[in-house]
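>>> coordinates only, sequence not included:
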């Protein structure tokens, strides 16, 4: 422990100490601390182990750029993995655990790996273990590397609301530039949203301080926020803009204390990006030792939290920015040596030893830094602060499609004006220094008159670069353990494009997105290849800017909130009868009645065959096709012609896709010359309607035919079985004299009633449809009559048995993505139709004509039902699959298993014995017709 | 998230739309006169231009198909119109 807490500096509440643990060791902090500031002031220095070499690592930065201090945080029994210590507020009782270390960060066993570093260059694991069977070694390698541990019991609630907003002007970042822009625009009457990831507006002013227009900066910040609110705008703090998307959309994650976080989709007419800049490290040997920190971060921790990084401090730099840090630390009582690479520098701050034209070349220390070498001179110290310049935060500019230009004055890549639909100001475009930031923001916000005034010149910066000839191990990307040597290796092996460099070494691919590493990596590559920085280029910036919890992006769209099942109008009635519900094709429907599924489904299917069964068929699609062009439209869209159907009759047909594949099947009812109802499968209603719509609008005259999906407007209850006619009579329903496949529109108790004699069970069936609001009355009437006829309600599992006995298919279960109608025994229309229809040409391709296409057949076995998915083996040649079981169950009526299967050339093999293979076991079966029960169809007329 | 303009409903989020086809494709027919190659080209061959493209989209919420011209590189929507012969 080298860091310490200053007596008075900072804004933590010293009257409210908080206790927490780090790797089991008790620590204390104060209310107002972040995890990082509390650990810096009173915790251990080693906060984790590095990704690959298991090197000890400590705190580096102050925000989302933090590459090292990543912790698993347990609070109230819940563990949140991979939290940046810099961005989470400390609460009493938190337990922090270091990541990628066993048993803990201080005593990590795998620290030995670092001794072998010479043999572990970039790509080592892939190069070595690919030849030795990667799959075998991968689990071990994965265990050795990585981040935090997921808590399998952690199910965060799906409670983050998704918000959307249309904004006139969005200002990203509430530092001096953002505040000035927002204030200027708000004063001009514009509604501005000012968004910042910190808890308070102010940006670097919060730790650097300063006077604006002759008053403390806080007055300026307050005034700006008030102006924004007064003009109808909004100030969102604790909110990270994490991505720029198409057509001007931005996504933001708003963290809220004691309330669910919120996710924002913001669309703004204009956007000003004032995201600031992030400090770069310096590149000397062992620059990753704990105790080597960002200079700006040290000032941040001192000013905001009174957390001081050390006592004997060396600051390495080549610019003016760290002079403020040096002055503040000296005033706090530290012994400070400033090592500036420039020979012309500002004067040394009071109490600071300044060494000009000097560089740190090596840090010394085993577990943490204890000394540095400066120009060959050994210098004892306990902390090294570094500032290698600043990298503007241009991520959102680049995500929005913007390009970058190299600015030699600031030694940084800055946004090219006009290359993205947003305006970048302040440090994000290289305007380092308070006055420059304020002026840029003021102009961007359309400010009239002079910009807010502040003293202080633009910071002087001399370029700092990794020296390719440097000795020792120089870290470029600490989070992914990429060293200068790895960059050299990449250059040597020809991976010279930055995109190749990134993928070969993983430079910048860690969760810090290489915020502090990317520039150094590309600068090193530029130096090694003798190219300029613009020639070397940058990698692509992609969202998210900061890791965002998936629970925030997903919001409430999880489980039923993601895909809400559709519910039956009569769900309560079915539940009262003991129904157990399950999802079928997006609908929650009764699977069976009673508790024992296997027995219930068998019993229901048996009763439905012996007397009668009742089931709720309301989810069956009902698309009305109306108008003089209706028949023509259905003829084109369907495989079976419907124009020849007489009113009052129904016909079974298919809808194909244009590739000839069976897309849906169902019955079409013709109620009048110009009025049809298409009964699409319940899960296909929307897509069937779209196929019909596309043809209606793009091929036919849309004035002659219209479509209307009325599925939800009707409740359909089906009675099936030999006693169903009597049962319906008992329920007071006058059955007209209808043949099989007859349809009638009539009335029941004054209510419209449509009766269709179509059957999905092979028994005489009546489909009764009433307007949905009268469904309960119909259900009650049927339920009253039910017992007297020995009938029962049947769930979908029993219906599946009944249809499988008859060989009736379920599209998507018994068919797949290559099934054509002729494979199902429906070759007639293909052979006979002369008119054009959807998918027609595809039924005559060489593929469609193959004699060995898989065809629908039945399989007869004794014993247990065949497993669905079991393979039927080819009868000759080497063992291979000639097809598979698509549906299988025990038939209570036949008292034997029945199965449907798709088998190559199956129709011509009826009667043959085949071998069925499933999970290593073989059995035999006999190919039969798909229909196992009542092949003559006598029961239909029951 | 992109925003497209339905000629009937106006500007809406892309989640309300579905791509249907490249505009200007003609369905070769009658089937007996169409070669396998021509049919395969109709089913699977697309120009997929880099830059301005004319495409048929459907606005799922109103069910209307329409022609949209958009730039596939910049994602700029250059215009949308009802299908030929349809009034808006």
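Perfect, I can see it now. Everything numeric here is computed off the predicted structure, so don't read it as measured data.
>>> Neighbours of the residue lying closest to residue A:158 once chain neighbours are set aside, how many?
Spatially, and ignoring its direct neighbours in sequence, residue A:158 is nearest to residue A:558 (3.9 Å; C-beta to C-beta, 6 or more residues apart in numbering or on different chains). Where you see a C-beta, it was placed from the backbone N, CA and C, and this is true even at glycine. Close neighbours of residue A:558, defined as other C-beta atoms under 10 Å in any protein chain shown, add up to 17.
>>> ditto for the one 4 residues further on
For residue A:562, the tally of surrounding residues (other C-beta under 10 Å) stands at 11.
>>> can I assume residue A:428 sits in a helix?
Yes - assigned with DSSP: H, G, I helix; E, B strand; the rest coil, residue A:428 falls within a helix.
>>> Report the central residue of the chain.
You didn't say which chain, so I picked chain A. residue A:550 (6.2 Å; C-alpha atoms, centre = their mean).
>>> wrong chain, I was asking about chain B
Centre-most residue of chain B, counting by C-alpha atoms, centre = their mean: residue B:56, 1.5 Å.
>>> so it is in which element?
Per DSSP states H and E: residue B:56 is located in strand B:52-59.
>>> Residues of chain A that sit close to chain B?
Residues of chain A lying close to chain B (C-beta under 8 Å from any C-beta of the partner chain) are A:245-247, A:249, A:265, A:401, A:658-659, A:689-690, A:693-694, A:697-698, A:702, A:707, A:836, A:840-842, A:844-846.
>>> Narrow the residues you listed to those in helices?
Mapping the residues of chain A next to chain B onto helices (DSSP state H) picks out A:689, A:690, A:693, A:694, A:697, A:698, A:846.
>>> Narrow those to just the buried residues.
Burial by neighbour count, 16 or more other C-beta atoms under 10 Å in any protein chain shown: within these this picks out A:689, A:690, A:693, A:694, A:697, A:698.
>>> picking up where we left off before, ok, now how distant is the residue nearest to the centre of chain A from residue A:76?
Distance of residue A:550 to residue A:76, given as C-beta to C-beta, to the nearest Å: 20 Å.
>>> What's the local residue count around the residue nearest to residue A:109 when sequence neighbours are not counted?
Nearest residue to residue A:109 in three dimensions, chain neighbours excluded: residue A:102, at 5.7 Å (C-beta to C-beta, 6+ apart). Using other C-beta under 10 Å, residue A:102 has 15 neighbouring residues.
>>> try residue A:91
16.
>>> Same check on residue A:67?
Neighbourhood size, residue A:67 [other C-beta under 10 Å]: 28.
>>> ditto for residue A:475
For residue A:475, using other C-beta under 10 Å, the count is 29.
>>> Could you pull up the contacting residues of it?
Applying C-beta atoms under 8 Å, 6 or more residues apart in numbering or on different chains, we find residue A:475 in contact with A:281, A:283, A:287, A:288, A:481, A:482, A:483, A:484.
>>> Surely residue A:170 forms part of a helix?
No - secondary structure assignment (three-state DSSP) places residue A:170 in strand, not in a helix.
>>> For it, name its beta-bridge partners.
Residue A:170 has the following beta-bridge partners by DSSP bridges: residue A:193, residue A:271.
>>> what's the closest non-adjacent residue to residue 64?
Unless you meant another one, I'm taking chain A. Residue nearest to residue A:64 in three dimensions, not counting chain neighbours: residue A:546, with 4.3 Å by C-beta to C-beta, 6+ apart.
>>> nope, chain B
Excluding its sequence neighbours, the residue lying closest to residue B:64 (C-beta to C-beta, 6+ apart) is residue B:8, at 5.2 Å.
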